[in-house]
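[1] quick check, what structure comes out for this input:
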Amino acid sequence: MIMGSHVIVYSRDPEADRAFFVNVLGQPHVDAGGGWLIIKLPTAELAVHPSDGPTGHELYFICDDLKATISELQAKGVDFTHDVSEERWGRLTRFRLPGGGEVGMYEPRHPLAIDL
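    I've put the predicted structure just below:
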């Protein structure tokens, strides 16, 4: 029986990104051995989108008040790389990880599977 999911973020600076998830975003974690952190993520849901080009995976955080969450994270030095866009399904932005990658964050307008 499936009991969870595991997301991998590839990084040019994994130690900085691990510290960001733990210290800036405040996510609990365990040490899997040798300082290899496994970071707990909030409850998740999965969407499968069509693609005519390359395939891949993306990570998005969901929040209930995008403006307030952006302000809170900016106060902690988080660099937002995109202005908030108004989409049919919600309000969207992206922020940079210390290792150079980007993560999306949005305030949904659609029903949430995490509420099931």
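[2] residues contacting stretch 91-103, please?
    With Cβ atoms under 8 Å, 6 or more residues apart in numbering as the test, stretch 91-103 has contacts from 9-14, 16-17, 19-20, 59-61, 66, 70, 73, 78-85, 104-107, 109. C-betas here are computed from N, CA, C, even on glycine.
[3] average pLDDT for the longest helix belonging to the chain?
    If you go by DSSP state H, the chain has its longest helix at helix 66-75. For helix 66-75, the mean per-residue pLDDT is 97.
[4] identify all contacting residues around that helix.
    Residues contacting helix 66-75 (Cβ under 8 Å, 6+ apart): V24, L25, C63, F80, V84, R91, T93, F95, M105, Y106, E107.
[5] ok, the next helix or strand after it: who's next to it in the sheet?
    Sequence-wise, the next helix or strand downstream of helix 66-75 (DSSP states H and E) is strand 80-87. Applying DSSP bridges, strand 80-87 is found paired with strand 90-96 (antiparallel).
[6] now the strand it pairs with against helix 66-75, angle please.
    Relative orientation of strand 90-96 and helix 66-75, computed by axes from the mean of the first three to the mean of the last three Cα atoms, to 10 degrees: 10 degrees.
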